[in-house]
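1. Could you look at this predicted model? Sequence included:
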Amino acid sequence: MAYKVEKTDEQWRDQLSDEEYRVLRQAGTEPAFTGEYTDTKTVGVYNCRACGTELFRSDEKFESHCGWPSFFDPAGTDAVETRTDNSLPGRPRTEVLCATCGSHLGHVFAGEGYDTPTDLRYCINSIAISLAPADQGS
């Protein structure tokens, strides 16, 4: 797929830290309960750490107690894309990627019984996103 932001592997390595690169470009996962946004309640917008695209909003974030920031819906219908992830034998999952640059964000799960409008849990690595706090002065 052609993305709006395309860079060479070398360009991504120059832009991202080693850990950001491992998660965003190699579909890694940060350890549970270690990410900076797992328990954050700050109002704002969560953007892709690789390209800056708006992905999720704080009013779509909820506490799932899974160890990673959880959202019930992306910021827009074209913010993320999904694909089947068969990297765990016998446990297919749905991978979530930034629709602008193709960076790995995490996975989305359905039917887990969360009381959310969509019954979805977008389980996102903190290191894959950056929070832009809302302007407190408005």
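-> On my side now, so go ahead. Please read all numbers here as calculations on a predicted model, not as lab measurements.
2. Any stretches of the chain with poor pLDDT?
-> 1-2, 136-138 (pLDDT under 70).
3. That one: helices as residue ranges?
-> Remark: helices assigned in the chain by DSSP state H are 9-15, 18-24.
4. For the first one, C-alpha coordinates in CSV please.
-> Just to be clear, that refers to helix 9-15. C-alpha atoms of helix 9-15 as CSV (Å, rounded to 0.1, in the frame of the first residue of the first chain):
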residue,chain,number,x,y,z
ASP,A,9,14.3,2.4,6.5
GLU,A,10,17.4,4.5,7.1
GLN,A,11,15.3,7.7,7.3
TRP,A,12,13.0,6.0,9.9
ARG,A,13,16.0,4.9,11.9
ASP,A,14,17.5,8.4,11.9
GLN,A,15,14.1,9.9,13.0
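5. Output the contacting helices and strands for it.
-> With contacts defined as 3 or more C-beta pairs under 8 Å, 6 or more residues apart in numbering; DSSP states H and E, helix 9-15 has these neighbours: helix 18-24. Glycine gets a C-beta too; all of them are placed from N, C-alpha and C.
6. List the buried residues for the helix it packs on?
-> Under the neighbour-count criterion of 16 or more other C-beta atoms under 10 Å, helix 18-24 has Glu20, Tyr21, Arg22, Val23, Leu24 buried.
7. follow-up on the earlier one: as a markdown table, the helices of the chain with distance to Asn47 would be great.
-> Below are the helices of the chain laid out as a markdown table (distance: least, C-beta to C-beta, whole Å):
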| stretch | distance to Asn47 |
| --- | --- |
| helix 9-15 | 14 |
| helix 18-24 | 13 |
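8. returning to that earlier point: need the buried residues of helix 18-24 in CSV with distance to Ala32, can you?
-> CSV is the format used below for those (distance: C-beta to C-beta, whole Å):
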residue, distance to Ala32
Glu20, 18
Tyr21, 20
Arg22, 16
Val23, 13
Leu24, 18
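9. Kindly indicate which of those residues lies nearest Asp115.
-> Val23 (28.8 Å; C-beta to C-beta).
10. Touching, the closest one and Glu30? I think so.
-> Yes - the pair Val23 and Glu30 qualifies as a contact (C-beta atoms under 8 Å) at a distance of 6.1 Å.
11. Before I go, just wanted to say thanks for your time.
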